[in-house]
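A.B. asks: from the sequence below, what's the structure:
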Amino acid sequence: MSKNLRKVCVVVASRANYARIKHLMKAIQNSEHLELQLVVGASAMLYKFGRVYDVIRQDGFEPDYQIHYLVEGENLATQAKSTGLGIIELSTAFDSLKPDVVVTVADRFETMATAIAASYLNIPLAHVQGGEISGNIDDSVRHAITKLSHLHYPATEQSAERVRRMGEESWRVHWSGCPSIDILINTDLRLPEKEYFETRGTGRIFEPSEPYILVLQHPVTTSFGHGAQQISETMYGLKDIPLMKVVLWPNSDAGSDDLAKSIREFQNTYHDLPFSYHINFKPEIFAALLANAKCLVGNSSSFIREGSYLGTPAVIVGDRQAGREHGQNVVFANYDRKDIQQKVIAQVEHGHYPVDHLFGDGTAGERIARHLETIDLNIMKRCTY
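C.D. replies: You can find the predicted model right below:
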């Protein structure tokens with residue numbers, strides 16, 4: 001690589017990270033002025049969470065660093081320890097790669113580790129999806145990362161305004177839209193043939209021609225210990241709805257094991273019902289599943305982001321996404337099986353909603369890459385209030 005290229009280090013630490021940043025990585029890779037450096041770690045390295053590392057390589061990206069820093073257990077203590085271990089391992093990677101700027105995404109504990117490591121190494125930090133509001137500990141983590149970051153690429157205009165009101169200089173804040181929308185406009189959203197699903201997952205084999213509900217529910221760390229009951233209410237709320245349910249495994253947040261155990265117990269008890277269980281899908285297959293579902297159920301932010309653009313009806317369960325901007329496609333339900341069932345039935349009957357560009361038009365990756373080519377990488381911040 002030419003010494004004149006600006007080195008942009010992207011950290012991918014989960015399946016959600018990759019789906020949201022893939023097209024930015026492509027734009028950096030295709031830029032004549034940027035060099036992509038790629039660090040992959042945490043749950044993205046583990047088979048129990050879908051081994052996203054393999055998907056990344058299949059897509060033509062070659063990681064510069066692979067890091068294992070997810071402490072087994074998925075509880076509050078191991079989440080904190082994983083953050084600390086991430087700081088140590090990412091500091092080593094950044095010190096070796098010597099990037100000009102580091103890109104981090106969203107609000108998870110892995111993102112916090114990235115932000116701290118880069119900041120203490122005096123490496124400019126670019127934060128994607130800052131300024132948002134939601135439930136869980138994510139709000140606190142997201143806003144802390146904003147104050148550690150030097151460049152901000154919020155997904156909505158309202159989020160950009162929040163970042164500015166947090167005292168960030170206006171020239172550092174650049175609305176980009178959400179890079180996860182980029183996948184939608186660059187993907188054939190038709191589902192693959194049945195053969196694709198025959199060798200994947202457990203439970204009933206999913207036939208793409210049949211109507212289905214897509215289910216994805218993550219732990220809520222601020223109510224750690226209640227995850228099993230929370231996902232149980234969702235599963236039982238869906239049990240008697242006569243549609244196929246495609247269920248994805250939760251992420252690696254504290255409480256993940258409790259949710260996974262509850263899902264397995266439900267599967268063992270009701271193995272004859274139309275439920276198909278999967279650990280992970282490639283971003284493009286997941287996008288197609290989002291687009292063609294009769295309803296999205298759980299608490300994944302993708303049901304709000306991509307769901308709004310696609311107009312797919314969604315029922316968001318519980319408070320993990322409380323306060324987040326959303327389109328017309330979203331209704332909220334309590335952790336109550338009757339409430340969930342009633343709202344899912346109503347959403348299925350309603351059908352798809354109009355397209356909403358709340359989270360952008362699908363060009364965020366190109367927009368961010370072009371900006372990174374020339375923006376001043378000044379780490380000396382000044383608070384504006």
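
A.B. asks: give me the distance from the least confident helix or strand in the chain by mean pLDDT to the chain's centre.
C.D. replies: With mean pLDDT, DSSP states H and E as the measure, the helix or strand of the chain carrying the lowest mean pLDDT is helix 194-198 (a mean of 90). In terms of Cα atoms, centre = their mean, to the nearest Å, the centre of helix 194-198 is set 25 Å apart from its chain centre.

A.B. asks: next SSE after that helix?
C.D. replies: With elements assigned by DSSP states H and E, the helix or strand that comes after helix 194-198 is strand 202-203.

A.B. asks: surely residue 99 meets residue 8?
C.D. replies: Yes. Counting by Cβ atoms under 8 Å, residue 8 is a contact partner of residue 99 at 6.6 Å. For the C-beta atoms, the positions are set from N, CA and C on the backbone; glycine is no exception.

A.B. asks: need the overlap of contacts for those two.
C.D. replies: The contact sets of residue 99 and residue 8 overlap at residue 37 (Cβ atoms under 8 Å, 6 or more residues apart in numbering).

A.B. asks: what ranges of the stretch 201-350 of the chain fall below the confidence cut-off?
C.D. replies: Confidence mapping of the stretch 201-350 of the chain against pLDDT under 70 gives zero matching residues.

A.B. asks: chain neighbours aside, what residue packs nearest to residue 339?
C.D. replies: residue 333 (4.8 Å; Cβ to Cβ, 6 or more residues apart in numbering).

A.B. asks: what's opposite the one you found in the beta bridge?
C.D. replies: With DSSP bridges applied, the residues forming beta bridges to residue 333 are residue 317.

A.B. asks: tell me which stretches of the stretch 51-200 of the chain form helices.
C.D. replies: Counting by DSSP state H, counting those that start in this stretch, one finds helices in the stretch 51-200 of the chain at the ranges 52-58, 76-97, 109-120, 138-148, 157-165, 180-185, 194-198.

A.B. asks: can you mark which positions in the shortest one are buried?
C.D. replies: By 16 or more other Cβ atoms under 10 Å, the buried positions in helix 194-198 come out as residue 197.

A.B. asks: over to the fourth one?
C.D. replies: For helix 138-148, burial by neighbour count (16+ other Cβ under 10 Å) applies to 138-139, 141-143, 145-148.

A.B. asks: would TSV of the residues you listed with distance to residue 85 and pLDDT be doable?
C.D. replies: TSV is the format used below for the buried residues of helix 138-148 (distance: Cβ to Cβ, whole Å; pLDDT from 0 to 100):
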residue	distance to residue 85	pLDDT
138	20	86
139	24	89
141	17	95
142	21	95
143	23	96
145	18	97
146	23	97
147	23	97
148	18	98
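
A.B. asks: ok, the residues you listed vs residue 281, which is closest?
C.D. replies: Closest approach between the buried residues of helix 138-148 and residue 281, by Cβ to Cβ: residue 138, at 22.8 Å.

A.B. asks: quick one: contacts for that closest one?
C.D. replies: 106-108, 320.

A.B. asks: most neighbours of all the residues you listed, which one?
C.D. replies: When neighbours are counted by other Cβ atoms under 10 Å, residue 108 leads these with 27 neighbours.

A.B. asks: which one is that residue nearest to, not counting chain neighbours?
C.D. replies: Nearest to residue 108 is residue 14, by Cβ to Cβ, 6+ apart, at 6.6 Å.

A.B. asks: for residue 97, same thing?
C.D. replies: Using Cβ to Cβ, 6+ apart and skipping the chain neighbours, the partner closest in space to residue 97 is residue 37 (5.1 Å).

A.B. asks: do the same with residue 52
C.D. replies: residue 44 (4.1 Å).

A.B. asks: ok, back up a step: pull the contacting residues for the residue nearest to residue 339.
C.D. replies: Counting by Cβ under 8 Å, 6+ apart, residue 333 has contacts 237, 315-318, 339-340, 343.

A.B. asks: tell me which of those is nearest to residue 156?
C.D. replies: residue 316 (16.9 Å).

A.B. asks: measure the nearest residue to that closest one once chain neighbours are set aside to residue 87 for me?
C.D. replies: Distances taken as Cβ to Cβ, 6+ apart put residue 332 closest to residue 316, at 5.1 Å, once the chain neighbours are dropped. Per Cβ to Cβ, to the nearest Å, residue 332 is found 35 Å from residue 87.

A.B. asks: more neighbours, those two?
C.D. replies: Each of residue 332 and residue 87 has its neighbours counted (other Cβ under 10 Å); residue 87 has more, 19 against 16.

A.B. asks: I figured residue 218 was touching residue 303, is that so?
C.D. replies: No. Residue 218 is beyond contact range of residue 303, at 11.1 Å (criterion: Cβ under 8 Å).

A.B. asks: and these two? Which one has more around it.
C.D. replies: More neighbours surround residue 303 than the other of residue 218 and residue 303, with 28 against 25 (other Cβ under 10 Å).
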